[in-house]
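Trainee: sequence and predicted model, in that order:
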Amino acid sequence: MVKPKFLLHACCAPCSPYVIQTLSEDYNLTVYFYDPNIHPYAEYKRRIDELKTYLDSLNIPLAEGEYDVRRWFDECKEYRYEPERGARCEVCFSMRMDVTAKYASENGFPYFGMMMTVSPQKDAAVLNRVGTKSGEKHDVLYYPSNFKKKDGWTKSVQMSNELGFYRQDYCGCIYSLQERKQILKERKEKERKDITGDCLC
């Protein structure tokens, strides 16, 4: 039986093994990397290169979307002060899923989906709503998921650790990176105060 074609949006290598293993049972996968939210470019390159190496080992093709950073900033800058999981994230998801659904429609994929629902940092309900809307717009079927269920996240971490994948500590965007740096700064300051008290002499 011929498996139907499926376009799977990817965000990074660590999120991919469990999702790819699960979907490969029923679909002929092509992975699509459209992530202009990832900054700086060195981080973007590191993530896609690692993912490509992994996919090559599985003989799964990788398609790369445009790194159109200017469009991403234009759409998300209004929400730059939103916290992680806030309104900015939904705008970012919408942009990326719209382009993914368009690519699927134009290249003969009857189905598309995303691996981001495996992450505990992402709201599967929001992602599925965005994905469904994009699919309807471009007349391609979106695959609703919540891959973190049934210990999906735990299995994903175990598999990525065994494969030695680099695990980033922020989602990818510059605003998330700034937020992460601020958290680390505040943590270090607290640790310093715990050791020295408030004395600055």
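Mentor: Perfect, thanks for sending it.
Trainee: residue boundaries of the helices in the chain?
Mentor: 16-24, 41-58, 69-76, 87-106, 124-138, 152-162, 174-196 (DSSP state H).
Trainee: ok, the closest residue to Cys11 other than its chain neighbours to Gly131 distance?
Mentor: Nearest residue to Cys11 in three dimensions, chain neighbours excluded: Met116, at 5.4 Å (CB to CB, 6 or more residues apart in numbering). All C-beta spots, glycine's among them, are computed from the backbone N, C-alpha and C. Remark: distance between Met116 and Gly131 (CB to CB, to the nearest Å) = 10 Å.
Trainee: more crowded one of these two?
Mentor: The neighbour count for Met116 versus Gly131, taken as other CB atoms under 10 Å, is higher for Gly131 (28 against 25).
Trainee: how far away is Arg88 from Cys173?
Mentor: 8 Å.
Trainee: my bad, Gly164
Mentor: For Gly164 relative to Cys173 (CB to CB), the value is 25 Å.
Trainee: now do Tyr142
Mentor: 23 Å.
Trainee: likewise for His39?
Mentor: Taking CB to CB, one finds His39 at 6 Å from Cys173.
Trainee: do the same with Thr117
Mentor: Taken as CB to CB, the span from Thr117 to Cys173 is 18 Å.
Trainee: so what's the residue count around the nearest residue to Tyr175 once chain neighbours are set aside?
Mentor: Nearest residue to Tyr175 in three dimensions, chain neighbours excluded: Arg80, at 5.2 Å (CB to CB, 6+ apart). Neighbourhood size, Arg80 [other CB under 10 Å]: 12.
Trainee: for Arg80, give me phi and psi.
Mentor: Dihedral pair for Arg80: phi -60, psi -20, per degrees, to the nearest 10.
Trainee: so, low pLDDT: which residues of the chain?
Mentor: 180-201 (pLDDT under 70).
Trainee: I figured Thr117 was touching Val130, is that so?
Mentor: No. Here Thr117 lies out of contact with Val130, judged by CB atoms under 8 Å, at a distance of 11.0 Å.
Trainee: ok, Lys102 - contacts?
Mentor: By CB atoms under 8 Å, 6 or more residues apart in numbering, the contact list for Lys102 reads His138.
Trainee: please report how far it lies from Thr117.
Mentor: Here Lys102 is placed at a distance of 20 Å from Thr117 (CB to CB).
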